[in-house]
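[1] Below is the sequence, then the predicted model.
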Amino acid sequence: MRTSSRVLIAALAASLAIHFGASLWPVEFEPVPEMPPLVATITELPPPPQPAPAPAAKKPKPRRVAPPAPAPAPEPAPVAEAEAPVADAAPAAAEAPPTAEPPAAPNVVAVAPEMATPEMPDKVLPPRVDLAYKVFLGTQGFMIGDATYRFEHSGNQYKIATIAQARGLAALFVRGKGKVESHGIITRTGLLPQEFAVERGSSDRRELARFDWESGVVTLHDDNTAALELPTYDPLTLMWQSYFSPPASDVQTFNVATTRRVTRYTVTREGTERLAWGAGEIDTEIWHRRSDDGRTDGYVWLAPSLHYVPIKLRLVATNRGTVEALLDSIRVDEPVPN
């Protein structure tokens, strides 16, 4: 029983950070405020929002300078008398030719306003989007929980929050929920995290990582610090980064910062696969990352037609088994009635 409990706890913790095996921390779950559900379900996502321009810097007001005293006007030079006689006036202009008749107007057929094709507005990403996943132990569909990743944005700012909850048999061993959050800025090259937080059982055991991009330092748990360089993501921004900045090559290298460490990642595109998910079937790209010690393999299936949103994630740990997460639905805010 104790072994099963440890495996299920590790599995649920992995569902929060399954993105390429970013981290596997022991989480003691207890109830936290539940996110209100989004009711509208969609099967496609519009392009990512463009980052709002930063407010222009205020120009300093010009200093008032007293105008210089005017210089004395020079005396006018003497005008010489004209020696040549004045020329005769130009002859009168010739009479203008008669005006030609205007061409006949072409036949124009009037189009009724209702028949004209209106210009379709560009689709806009809703202020809140939920990616809802079902979490399975192994690859045979033994469901142990679910995880919801909520992306919120306003202007240049974003927030990503996730709540995982045990379901089915796993609920006999694990009660409550776990929560992870990320805050940061939307840039032209993707997401730039500023704060990453993990609640390890309760709010008083909240761990935090702060990203100081100006000084190039990330402050981790217990005030430990590490060097910060581009590109560096936290596990939640990594979840959404491909949506904002699609992968441009078959090999991607970057850093991932959790609340306790910064790890160098290299992921490789290994092929394609057509998957079944909550809205039907979809073509995906398979990306793979192996940990430096060779004990953990992370896989993610990205869907180009959904702007590279992860459809499936798999974490294979030699000493902890396999966990999978499969996208079940995409939910957005309820449309505002006209």
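    Sure, I can see it. Residues are numbered from 1 along each chain as shown.
[2] what stretches of the stretch 151-300 of the chain score poorly on pLDDT?
    Filtered on pLDDT under 70, the stretch 151-300 of the chain yields the residue ranges 164-178, 200-204.
[3] in it, which spans are helices?
    235-244 (DSSP state H, counting those that start in this stretch).
[4] Contacts only, for residue 314.
    Residue 314 sits next to 18, 139, 297-300, 322-325 when contact means CB atoms under 8 Å, 6 or more residues apart in numbering. For the C-beta atoms, the positions are set from N, CA and C on the backbone; glycine is no exception.
[5] Likewise for residue 328?
    132-134, 146, 277-278.
[6] before we move on, the earlier item: can you select the buried ones from the contacts of residue 314 in PyMOL?
    The PyMOL selection below is limited to those of the contacts of residue 314 classed as buried (16 or more other CB atoms under 10 Å):
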select buried, resi 18+297+298+299+300+322+323+324+325
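[7] picking up where we left off before, of the contacts of residue 328, just say which sits nearest to residue 309.
    residue 277 (10.2 Å; CB to CB).
[8] ok, so what distance separates residue 210 from residue 193?
    9 Å (CB to CB, to the nearest Å).
[9] Which one's more surrounded, those two?
    Neighbours were counted for residue 210 and for residue 193 using other CB atoms under 10 Å; residue 193 has more, 25 against 15.
[10] how about that one, what does it touch?
    182-184, 211, 232-234, 236-237, 257.
[11] What residues are bridge-paired with it?
    Counting by DSSP bridges, residue 193 is bridged to residue 184.
[12] Kindly report the same for the one 5 residues further on.
    Residue 198 forms beta bridges with residue 180, residue 207, as assigned by DSSP bridges.
[13] wait, it sits on residue 205?
    No. In this structure, residue 198 is not within contact of residue 205 by CB atoms under 8 Å, at 9.1 Å.
[14] if you count what's nearby, which of the two comes out ahead?
    In this view residue 198 and residue 205 are compared by other CB under 10 Å, and residue 198 has more residues nearby, 25 against 11.
[15] gap between that one and residue 298?
    Taking CB to CB as the measure, residue 198 falls 18 Å from residue 298.
[16] likewise residue 132?
    For residue 132, the distance to residue 298 (CB to CB) stands at 21 Å.
[17] Quick check: residue 196 touching residue 162?
    No. If you go by CB under 8 Å, residue 196 and residue 162 don't touch, sitting 11.6 Å apart.
[18] can you list residues touching both of those two?
    180-181, 236.
[19] Export these as CSV, with columns for distance to residue 154 and neighbour count.
    Formatted as CSV, the shared contacts of residue 196 and residue 162 follow (distance: CB to CB, whole Å; neighbours: other CB atoms under 10 Å):
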residue, distance to residue 154, neighbour count
180, 20, 26
181, 16, 19
236, 17, 29
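[20] Among these, find me the one that's closest to residue 124.
    The closest of those, once distances to residue 124 are taken by CB to CB, is residue 236, at 22.3 Å.
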